[in-house]
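*Asks:* Fold the stuff below for me.
(one chain, ligands or ions: 1)
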Amino acid sequence: MADLDAVTGAFSFTGRFIARRLLADGRRVRTLTNHPRRPGAEGMDVEVAPLQFSNRDVVVESLRGVDVLYNTYWIRFPHSGLDFGDAVDNTRTLMSAAVEAGVRKVVHISVSNPSPDSPLDYYAGKARTEAVVRESGLAWAVVRPTLIFGDGDILINNIAWLLRRVPFFFVPGNGAYRVQPVAGEEVADIAVWAAEHDGITVDAAGPDILSYAELVDSVAIAIHHTRPIVFTPPAFTLLAGRAVGRFVKDVILTPQELEGLMQELLVSAEPPLGRKRLDDWLLRSSDTLGMSYASELDRHFR
Ligand SMILES: NC(=O)c1ccc[n+]([C@@H]2O[C@H](COP(=O)([O-])OP(=O)(O)OC[C@H]3O[C@@H](n4cnc5c(N)ncnc54)[C@H](OP(=O)(O)O)[C@@H]3O)[C@@H](O)[C@H]2O)c1
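*Replies:* This next block holds a predicted model:
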């Protein structure tokens, strides 16, 4: 068995946790990425190859000699002519290139509660990528995280960023819908564990289930910026989010993300495998969390 694994996005968010875990285990890591110079990348001893789907031969070459491919590739929302259907097609290209390159196994990072019948394209698309992986001919495992927290996250960081700047915080609906955050390190642990188990599909979820309003409160307490919460109709929150988005030149929250959140799709029905508590990370990160805005468009579309 080769001692080389591939991780998409080792300098991005989830992939960085996986790459770090593999390096700590003594594995060699090659990343497929379009952002080889992200801050902190220089300190990681990782080979770099392009994440380029337009030329399948390049993808095949990028994957030669690889034992396990950890696939985090996905898009958060359609933008700049790239939609979820394209991301499914790109996943298909990645899988067929992995087969041709002789990769032994893929560990595919999906999301909690994907469904081919979901009216939400993100969740329906993720279900389609899972099918692509299962039908690829590779040995496979699927890991389905809930809401991932850890250094480099976007959602929780930007809640903190807003709390540091606004006099009150808009929460869509009644804020009682729940989330079950999981630590990025533990998503990586579960992914590496899954690499040893063929044909499994497993949620990656943390020990705490809390309401979205409680999540906002927890962030506010950790960064010492408690604010009155104003419960608003979801459409109003989205409008407010769009206004802030224009200011920061980003997409803060899409209607489908909000719908998924309110449908509690970021809660697992399985006993949690994660042990790390969100509160501990929030308190450890209180000096840095939300100090600067984390832009999805800057990360992936500019
Ligand atoms: N973040 C969460 O809380 C969360 C929760 C549940 C499930 N997940 C799943 O976990 C996986 C990783 O999510 P993440 O948030 O950690 O993503 P990420 O690290 O920001 O991106 C993952 C990979 O996808 C590539 N990518 C992302 N957007 C792209 C775009 N618009 N065009 C081209 N490439 C793009 C990145 O490319 P670069 O290497 O060039 O950056 C990276 O290789 C995804 O499958 C996601 O569905 C995430």
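
*Asks:* who are the neighbours in contact with the nearest residue to residue 28 once chain neighbours are set aside?
*Replies:* Sequence neighbours aside, residue 4 is the residue nearest to residue 28 in space, at 4.5 Å (criterion: CB to CB, 6 or more residues apart in numbering). C-beta: built from backbone N, CA, C; applies to glycine. Residue 4 is in contact with 27, 28, 29, 30, 65, 66, 67, counting by CB atoms under 8 Å, 6 or more residues apart in numbering.

*Asks:* likewise residue 187?
*Replies:* 14, 17, 18, 109, 143, 145, 148, 204, 274.

*Asks:* and the ligand, which of those contact it?
*Replies:* Among the contacts of residue 187, proximity to the ligand is found for 14, 109, 145, 148 (CB under 6 Å from any ligand atom).

*Asks:* separation between the nearest residue to the last one once chain neighbours are set aside and the ligand?
*Replies:* Closest residue to residue 148 in three dimensions, ignoring its sequence neighbours and counting by CB to CB, 6+ apart: residue 184, at 5.2 Å. In this structure, residue 184 and the ligand are separated by 8 Å, where distance is defined by CB to the nearest ligand atom, to the nearest Å.

*Asks:* Spit out the contact partners of residue 184.
*Replies:* When contacts are counted by CB under 8 Å, 6+ apart, residue 184 touches 13, 14, 16, 17, 148, 149, 150, 151, 152, 153.

*Asks:* and if we set it to 10 Å?
*Replies:* Residue 184 makes contact with 13-18, 20-21, 145, 148-153, 204, 276, 281 under the criterion CB atoms under 10 Å, 6 or more residues apart in numbering.

*Asks:* how about the residues of the stretch 201-302 of the chain near the ligand?
*Replies:* Contact residues, the stretch 201-302 of the chain versus the ligand (CB under 6 Å from any ligand atom): 299, 300, 301.

*Asks:* Give me the buried entries from these.
*Replies:* Among these, those classed as buried by 16 or more other CB atoms under 10 Å are 299, 300.

*Asks:* which of the residues of the stretch 201-302 of the chain next to the ligand has the weakest pLDDT?
*Replies:* pLDDT is lowest at residue 301 among those; the value there is 89.

*Asks:* Just give the number of residues close to residue 284.
*Replies:* For residue 284, the neighbour count with other CB atoms under 10 Å is 12.

*Asks:* for the protein, which helix is longest?
*Replies:* Taking DSSP state H as the criterion, the chain has its longest helix at helix 84-101.

*Asks:* what's the most distant pair in the ones next to the ligand among the contacts of residue 187?
*Replies:* Distance extremes for those: the farthest pair is 109 and 148 at 9.4 Å, using CB to CB.

*Asks:* joint contacts of these two?
*Replies:* The contact lists of residue 109 and residue 148 share 14, 187, 188, 204, where a contact means CB under 10 Å, 6+ apart.

*Asks:* Now the residue in the stretch 201-302 of the chain that the ligand sits nearest to: phi and psi?
*Replies:* Relative to the ligand, the nearest point of the stretch 201-302 of the chain is residue 300 (3.7 Å; CB to the nearest ligand atom). With angles defined as degrees, to the nearest 10, residue 300 sits at phi -130, psi -10.

*Asks:* just checking, it touches residue 87?
*Replies:* No. Applying CB atoms under 10 Å, one finds residue 300 not in contact with residue 87, separated by 11.3 Å.

*Asks:* Now for those two: what residues contact both?
*Replies:* Contact criterion CB under 10 Å, 6+ apart; residues shared by residue 300 and residue 87: 75, 76.

*Asks:* Next one: residue 302, what pLDDT does it get?
*Replies:* In this model, residue 302 is scored at 83, pLDDT.

*Asks:* scratch that, residue 1
*Replies:* 64.

*Asks:* Also the one 4 residues further on?
*Replies:* In this prediction, residue 5 carries a pLDDT score of 98.

*Asks:* Look up how far the ligand lies from the residue nearest to residue 28.
*Replies:* Using CB to the nearest ligand atom, one gets 18 Å for the distance from residue 4 to the ligand.
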